[in-house]
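Undergrad: just need the structure, nothing else, for what follows:
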Amino acid sequence: MIKQWRFIRSGFCDPYTNMAIDEAILIAHSKKENLPTLRVYGWKPPAFSIGYFQKVEEVLDLNKCKKKGILFVRRITGGKAIFHYQELTYSLTCFKDEINAFGSVKEGFKKICSFLLNAYKKLGLNPHFAIEIKLPASEKSLLCFTSYEDYDIIINGKKLGGNAQKRKKDLIFQHGSIPLQLEIDDFFSFLRYKPEGLEEKVCSLEDVLGRKISFTEIENIIKTSFEETFSVRLVEGGLTFKEQELATKLREEKYKTLEWNLKR
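TA: Prediction:
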């Protein structure tokens, strides 16, 4: 019997709401109160997310962010900073046995990111995991897109997007960013550290496709690819009442607070 997952199209939300919804789904699934879930969403307004272990003042010019009204939020996952704009973000919440990811975290990345690889192939692209091709050694960086992990996705020698994972015993949570367009000038001036040669290291979907791609088009390709890759059926749905209530509470009492966002 084919396994059923929930598929949530959240549309565009502010950074605090996006992170609060992800955590509310994670908490509910840890109690087995919902189906394993794939969620897709965008960010409005554009904002930075910071890795759980990062010191935000080392990454961002906080005075400039405040003056220009640029928001930032700390994730529950590790990894580096990302500027979320003109992109689709996905999040996945499941137990290991719901996606047959029983190995190490690295093996889990390989397993889960395979649906992204297949989605890009559906678009006619030739993606590879970073470990499969020879790339120049990446420098240590505070930005996600400028460094390579083994199962990051590379197209035409450049990194496309980034992913981060959190595990709690048998529970897996992973989210990732797929840039549709990448305007580096949009966020460069808000960084404390400005990496050299960023244009040669990263790309967006539109860069490699050579055409426009809408949020809805990639949303639908991601859904189809996920179903085919993992042999599951995605059932469209929304948050439960309990999840919505919890997300509202997390937004106000955690993700919107300086205590959480400046905690390191």
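Undergrad: how long is stretch 48-66 end to end?
TA: End-to-end distance for stretch 48-66: 12 Å, by Cα to Cα, to the nearest Å.
Undergrad: quick one: buried residues of that stretch?
TA: Residues of stretch 48-66 classed as buried: F48, S49, I50, G51, Q54, V56, V59, L60, C65 (neighbour count, 16 or more other Cβ atoms under 10 Å). All C-beta spots, glycine's among them, are computed from the backbone N, C-alpha and C.
Undergrad: contacts only, for C13.
TA: I21, Y41, G42, W43, K44 (Cβ atoms under 8 Å, 6 or more residues apart in numbering).
Undergrad: and which of the buried residues of stretch 48-66 is nearest to I213?
TA: Within the buried residues of stretch 48-66, the smallest distance to I213 is 22.1 Å, found for S49 (Cβ to Cβ).
Undergrad: pull the distance from the host helix or strand of that closest one to the chain's centre.
TA: Taking DSSP states H and E as the definition, S49 sits inside strand 47-50. From the chain centre to the centre of strand 47-50 is a distance of 11 Å (Cα atoms, centre = their mean, to the nearest Å).
Undergrad: may I have the helix or strand following that strand exported as CSV, CA atoms only?
TA: Using DSSP H and E, the helix or strand that directly follows strand 47-50 along the chain is helix 56-59. Taking Å, rounded to 0.1, in the frame of the first residue of the first chain, the C-alpha atoms of helix 56-59 are listed here in CSV:
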residue,chain,number,x,y,z
VAL,A,56,24.2,37.1,14.3
GLU,A,57,26.3,40.1,15.0
GLU,A,58,29.2,38.4,13.2
VAL,A,59,27.1,37.8,10.1
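Undergrad: got the buried residues for the longest strand along the chain?
TA: As assigned by DSSP state E, the longest strand anywhere in the chain is strand 3-13. Neighbour counts over strand 3-13 (16+ other Cβ under 10 Å) mark W5, R6, F7, I8, R9, S10, C13 as buried.
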